[in-house]
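Colleague: for reference, the sequence and a predicted model appear below.
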2 protein chains.
Amino acid sequence: MMKEVSGGVCAPKGFRAAGVHCGVRKNKEKRDLALILSDVPCTAAAVYTQNKVKGAPLLVTRNNLSDGVAQAVICNSGNANTCNSDGVEIAQSMCALLSEYANIPASSVIVASTGVIGQPLPIEPIKAGMAPLVAALSYEGSGHAAEAIMTTDTAEKSIAVEFTLSGVNCTMGGIAKGSGMIHPNMATMLVFLTTDAAISAPLLQKALSADILDTFNMVSVDGDTSTNDMVSIMANGMADNPAITEENADCEAFAKALNTVTRYLCRNIAKDGEGATKLLTCIVTGAVDTATAKVLAKSVIASSLVKAAMFGSDANWGRVLCALGYSGAKVDVDAVDVSFASKAGEVKVCVDGRGVAFSEEKAKTILSEDEIEIRVSLHEGTGSAEAWGCDLTYDYVKINGDYRT
Amino acid sequence: MMKEVSGGVCAPKGFRAAGVHCGVRKNKEKRDLALILSDVPCTAAAVYTQNKVKGAPLLVTRNNLSDGVAQAVICNSGNANTCNSDGVEIAQSMCALLSEYANIPASSVIVASTGVIGQPLPIEPIKAGMAPLVAALSYEGSGHAAEAIMTTDTAEKSIAVEFTLSGVNCTMGGIAKGSGMIHPNMATMLVFLTTDAAISAPLLQKALSADILDTFNMVSVDGDTSTNDMVSIMANGMADNPAITEENADCEAFAKALNTVTRYLCRNIAKDGEGATKLLTCIVTGAVDTATAKVLAKSVIASSLVKAAMFGSDANWGRVLCALGYSGAKVDVDAVDVSFASKAGEVKVCVDGRGVAFSEEKAKTILSEDEIEIRVSLHEGTGSAEAWGCDLTYDYVKINGDYRT
């Protein structure tokens, strides 16, 4: 049985966290440096953006994780440390500073940055902030860390769940930042996961790599795949479960817990997309196969016109058909059913690729909720998929029309 | 020598046009039915959307053009006649009605529709409008036709040029509608071209199919490929030039005239994108090959984040690098130079994939113009390409948040 608990990344045993304002950002009210530290070394895994332009921190992290071991995450917001000539050096300095102050190997650090691309990241504020950051570490510090990694996010994204492995209680927690430049490809956004379960590094990587295919890779806020996307997980084994070293029932239970945490974070990243007022979920069923269903669901969720229609609570289903049609995936357009649903009900708007009469009033009521499902049935096979996105609003334009200043 | 002339699609000899309000739209001030008629039969060619959902008029037009002959274009705005069970029948009725009133074969009609998808198109207003439409035909009617095909367009898009073939003066004209759902794939938007040059149908199709690869396929307003895109051309031979029947110098001159007309319409469709305040041109040079350059240029022009930054006159070049990086095309990200230019000057912002110091004030001045060039140099080869788009604005959201009502 899985149970949601409080505490975020500090819910699992032996993880402390902190978030402080160090000065990368000008606004002194905004925490901009986050730390997650395990009491003991962890097996660790991560996945990264597929953008050919990769943030320097990702290169350093990938190198540090080559042995499958980590003990801490350090992350600043306000500057992506990407497309700078000294980027790798700065990211390495962040690891070295943490090594010095927290007394762990520099190669055990997962380092990340998020914010503007192409502006040099000064090391001074991070250096100055390191002592206060380490001093602030707390077993109740997840909230501060979650806050410190936010950019244009309006809400913290945090979750933790309890689950059992061979009868032993284990816990997994996660925090995330999302908001803009969200259209992941194989990895996504910044997501830091912790667990006190014991699991080998290869199986941890395998579980994470498999999970993101159905979770973070199915989220789109604006179609732009960031240079700095990363999802990492650290497992410190302090739950004292029999270590997972093969693909057994515990491994499956672990994957299920992981999926619960990541799905929650996905939905909340989409819901808090830049300027968003609504969470959109596109559920495709009856496709020829899963891969096809995924392409179709993501095409609908990424369509600017669908997103704008949802902002206006307008049941403009022709745009859903249009997005299915240009997705590049196999679809029998004469066998598509579409309905819109929310907690206010469901309205069928298209059957066999043709419009059907429906109550515009009822549709408006359904689409005025803040969580909308776009349901697409294809009658071609058993492939299904779910993708998450948000509406396109004035505020998205406002936020991104003048992001740097 | 090529010379721009007035008259739009009626500039070539023997073409009349008209545009009336027939009642597909409620607003009586808005013309909603357009007609272009040649005095004599024409060789004709067209290209169509690659969206799997295709508007019924496209299916009927493709069938009518199978013999390479046409004499008229009929087009309504306000309703796309797509995803309706009686769509083909309605489109055929439009051809039959025109056949009756204009005394030409129904199979010589290019029929098109643009507007909302998935609402039945009533034939009654079109039937009632046919007599007034044909009565209104005029050799000065291009403007009314251009107006009648507009949807959310704010400006008519029209051009004509004179050119010579074997010493004989010929003329080509074109009108277009664009605005939203603009991200063509092999064909695009609604564009109707006319010429009095004599050219065989196969060479006309070949010239058109080649031309769109560098023109209409390189335009993006919002990433959504419409179901109803079409570019058609009719050549009535009334200029009395020696008919083009092989790929000779005249054929090249014809292609050049065609390209002048289509480039002009592309730029104007992009500039009048829904809500747009600026025309964006991304020019990629030095790519490994042309195909790569095209993918890169189009990725930049289609990025929501680049588009929003341009709206805010914000020299946020990191988003350009990001869009190059996720395009899927081969690019050495450490050898990318980027500059922004307009008639106010040019500012280099990135060299070898790294930011360089630049005057924010100068950049702001350059980006405050209404035509912006994003110049990307790659130093990898000789491939180059140009793509056109527009900024992302509050008005795009406004227009599309409640398009149907």
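Modeller: Yep, that arrived. Numbering: from 1, shown residues only, chains lettered A, B, ... in the order given.
Colleague: now the helices for the stretch 251-400 of chain A?
Modeller: A:290-302, A:304-311, A:318-325, A:360-367, A:394-401 (DSSP state H, counting those that start in this stretch).
Colleague: of all those, which one is nearest residue B:192?
Modeller: Ranking the helices of the stretch 251-400 of chain A by proximity to residue B:192 (C-beta to C-beta) places helix A:318-325 first, at 22.0 Å. To be clear about C-beta, it is placed using only N, CA and C from the backbone, and glycine gets the same treatment.
Colleague: neighbours of residue A:297, how many?
Modeller: 30 (other C-beta atoms under 10 Å in any protein chain shown).
Colleague: report the separation between it and residue A:383.
Modeller: 10 Å (C-beta to C-beta, to the nearest Å).
Colleague: find the residues that touch each one of those two.
Modeller: Jointly contacting residue A:297 and residue A:383 under the rule C-beta atoms under 8 Å, 6 or more residues apart in numbering or on different chains are residue A:284.
Colleague: still on that earlier bit, now the helices of the stretch 251-400 of chain A as CSV including mean pLDDT and distance to chain B?
Modeller: Shown next, in CSV, are the helices of the stretch 251-400 of chain A (pLDDT from 0 to 100; distance: least, C-beta to the nearest C-beta, whole Å):
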stretch, mean pLDDT, distance to chain B
helix A:290-302, 92, 8
helix A:304-311, 90, 3
helix A:318-325, 89, 3
helix A:360-367, 94, 8
helix A:394-401, 80, 3
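Colleague: what's the closest of the ones you listed to residue A:277?
Modeller: helix A:304-311 (6.6 Å).
Colleague: is chain B contacted by the lowest-mean-pLDDT helix or strand in chain A?
Modeller: Ranked by mean pLDDT, DSSP states H and E, the weakest helix or strand in chain A is strand A:219-220, scoring a mean of 74. No - applying C-beta under 8 Å from any C-beta of the partner chain, one finds strand A:219-220 separated from chain B by no less than 10.4 Å.
Colleague: partners of that strand, with directions?
Modeller: Strand pairing for strand A:219-220, using DSSP bridges, gives strand A:383-390 (parallel).
Colleague: and the contacts of the partner strand?
Modeller: Contacts of strand A:383-390 (C-beta under 8 Å, 6+ apart): A:214, A:218-221, A:266-267, A:269-273, A:276-294, A:296-298, A:300-302, A:307.
Colleague: following the least confident helix or strand of chain A, which helix or strand comes up?
Modeller: Using DSSP states H and E, the helix or strand that directly follows strand A:219-220 along the chain is strand A:230-235.
Colleague: check which helices and strands that next one sits against.
Modeller: strand A:33-48, helix A:56-64, strand A:69-79, strand A:109-116, strand A:190-195, helix A:201-214 (3 or more C-beta pairs under 8 Å, 6 or more residues apart in numbering or on different chains; DSSP states H and E).
Colleague: what residues does it touch?
Modeller: With C-beta under 8 Å, 6+ apart, strand A:230-235 has contacts from A:15, A:36, A:38, A:42-49, A:57-58, A:61, A:65, A:70-71, A:73, A:110, A:112, A:187-199, A:204, A:208, A:212, A:216, A:258, A:262.
Colleague: ok, now with 6 Å
Modeller: A:38, A:42-48, A:58, A:70, A:110, A:112, A:187, A:190-195, A:197, A:199, A:204, A:208 (C-beta atoms under 6 Å, 6 or more residues apart in numbering or on different chains).
Colleague: residue A:10: which of the helices of the stretch 251-400 of chain A is closest?
Modeller: Nearest to residue A:10, of those and by C-beta to C-beta, is helix A:394-401 at 30.2 Å.
Colleague: keeping just the C-alphas, turn that closest one into PDB.
Modeller: Provided in PDB are the C-alpha atoms of helix A:394-401 (Å, rounded to 0.1, in the frame of the first residue of the first chain):
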ATOM      1  CA  TYR A 394      -1.800  36.400 -21.800                       C
ATOM      2  CA  ASP A 395       0.500  35.800 -18.800                       C
ATOM      3  CA  TYR A 396       2.700  33.400 -20.800                       C
ATOM      4  CA  VAL A 397       3.400  36.100 -23.300                       C
ATOM      5  CA  LYS A 398       3.900  38.700 -20.500                       C
ATOM      6  CA  ILE A 399       6.400  36.400 -18.600                       C
ATOM      7  CA  ASN A 400       8.400  35.600 -21.700                       C
ATOM      8  CA  GLY A 401       8.200  39.000 -23.500                       C
END
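Colleague: who's in contact with it?
Modeller: A:152, A:274, A:275, B:305, B:308, B:311, B:312, B:392, B:394, B:397.
Colleague: angle of it against helix B:318-325?
Modeller: Orientation check (axes from the mean of the first three to the mean of the last three C-alpha atoms, to 10 degrees): helix A:394-401 against helix B:318-325 gives 100 degrees.
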